[in-house]
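Participant: task: produce atomic coordinates for the following.
(one chain, ligands or ions: 1)
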Amino acid sequence: MKVDGVAYRSIWREGDGAAVTVVDQTLLPHRFETLTIATVAEAIDAIKRMVVRGAPLIGVTGAYGYAMALAADPSDANLASAYDALYAARPTAVNLRWALDIVRAEMEPLAPEARAAAAFATADRLHAEDIRTNETMAAHGAALIREIWEEKGRSGPVNILTHCNTGWIACVDWGTALGVVYHAHDQGIPVHVYVDETRPRNQGASLTTWELGAHGVPHTLIADNAGGHLMQHGAVDICLVGADRVTANGDACNKIGTYLKALAAHDNGVPFYVVLPSSTIDWRIGDGVAEIEIEERAPDEVTHISGIAGDGTIVKVRLAPKGTKAANPAFDVTPARLVTGLVTERGVAKASREGLVALFPERG
Ligand SMILES: CSC[C@H]1O[C@H](OP(=O)(O)O)[C@H](O)[C@@H]1O
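Facilitator: Reported below is the predicted structural model:
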């Protein structure tokens, strides 16, 4: 996507170099800076600190980090230990395991001396696939937006509520739920987005508003707790969210607070769609609430908040009294019964095993 007229991806490799460059998302929206990742340790650190974040981007970053590890030591022992180290970076988004599994499977049969170049080639392929997948998914989702616009008699914008950040900086490009928004907007369908601030990391307030503003998409930032009220008063036509892991039964794990939005949507008859590439489907599990590990992040993400001071410096200030304990589960699980549909690169599926297998028969 474009930043001040310049086209960017969230991560890119300079030629056939052994390093990648990423947008440092911890500084947005106040500063747009990039960071070079040249080692597996730097890749792990970037994922842990959320320099890079978003399930698809975490997966691609993990793949490049794995290639860097094999460039340093292509042995079977390191093939195993680097996998474990990267896998442990963040536990919830299944795209990380998905990407690491692909790289490991393709590297295992190779002679160690062939693994580094091959692993970078695999990571490049996943990088390119993410862009194509998101573009295809966006078209499927935009058809839903068009249907609503037609149902409204093409009067006024389609009002979309979204949670967290699911745009081009959560992926390699385009995004998942925001990719749908961009596609509909670019087709000339009038859209307006209610952007959940998404406490405590504020991906909505800091990242989604920045993305939508850069692309010229009308939007309104709201407190997380305002979404239900807006739905009660008919201000929301559809909810579009992303996912970090969707189970084979259609349960959707996403940023903390998503479940509460789904409950409000269900109570008010607002369609609630999850937009996800198939790399985010965990076919091994069915019950998301029982089986998905929810990342517990640092308490100070809740007790403190970051922002830009009057002198332009980015500062972190305390919100709660010293000594206040805080819990910080980073994700929650929306049961399939609250999900209207799953938008994938192969089309829209009902949130059920049958619905997913209908689009992915190879998984039946
Ligand atoms: C397109 S997936 C984006 C997904 O990832 C976010 O989590 P995080 O910012 O912690 O990486 C959030 O759950 C989004 O829906």
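Participant: what is the neighbour count of Gly175?
Facilitator: 30 (other C-beta atoms under 10 Å). Every C-beta, even on glycine, is put in place using the N, C-alpha and C of the backbone.
Participant: angles on the backbone of it, please.
Facilitator: Main-chain dihedrals, Gly175, degrees, to the nearest 10: phi 110, psi -180.
Participant: I'd assumed Asn134 was in contact with it.
Facilitator: Yes: with contact defined as C-beta atoms under 8 Å, Gly175 counts as touching Asn134 (6.2 Å).
Participant: break the chain down into its domains, please.
Facilitator: Here the domain parsing of the chain from automatic domain parsing is 2-129, 138-363.
Participant: please, where are all the helices along the stretch 151-300 of the chain?
Facilitator: 177-186, 203, 209-215, 227-232, 258-268, 288-291, 300-303 (DSSP state H, counting those that start in this stretch).
Participant: so which of these comes closest to the ligand?
Facilitator: Taking C-beta to the nearest ligand atom, helix 203 is the member of the helices of the stretch 151-300 of the chain nearest to the ligand, at 5.0 Å.
Participant: quick check: residues of the stretch 101-250 of the chain near the ligand?
Facilitator: Residues of the stretch 101-250 of the chain lying close to the ligand by C-beta under 6 Å from any ligand atom are Cys164, Thr166, Ala170, Cys171, Thr176, Gln203, Gly242, Asp244.
Participant: rebuild those residues as a markdown table, extending it with neighbour count.
Facilitator: Shown next, in a markdown table, are these (neighbours: other C-beta atoms under 10 Å):
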| residue | neighbour count |
| --- | --- |
| Cys164 | 30 |
| Thr166 | 34 |
| Ala170 | 31 |
| Cys171 | 30 |
| Thr176 | 31 |
| Gln203 | 27 |
| Gly242 | 29 |
| Asp244 | 32 |
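Participant: want to throw the domains of the chain into a markdown table with mean pLDDT?
Facilitator: As requested, the domains of the chain are exported to a markdown table (pLDDT from 0 to 100):
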| stretch | mean pLDDT |
| --- | --- |
| domain 2-129 | 96 |
| domain 138-363 | 97 |
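Participant: picking that back up, out of the helices of the stretch 151-300 of the chain, which gets nearest to Thr324?
Facilitator: Closest to Thr324 of the helices of the stretch 151-300 of the chain is helix 300-303 (C-beta to C-beta; 5.9 Å).
Participant: ok, the next helix or strand after that closest one: who's next to it in the sheet?
Facilitator: Next along the chain after helix 300-303, taking DSSP states H and E as the criterion, comes strand 304-308. When sheet partners are counted by DSSP bridges, strand 304-308 sits next to strand 314-318 (antiparallel).
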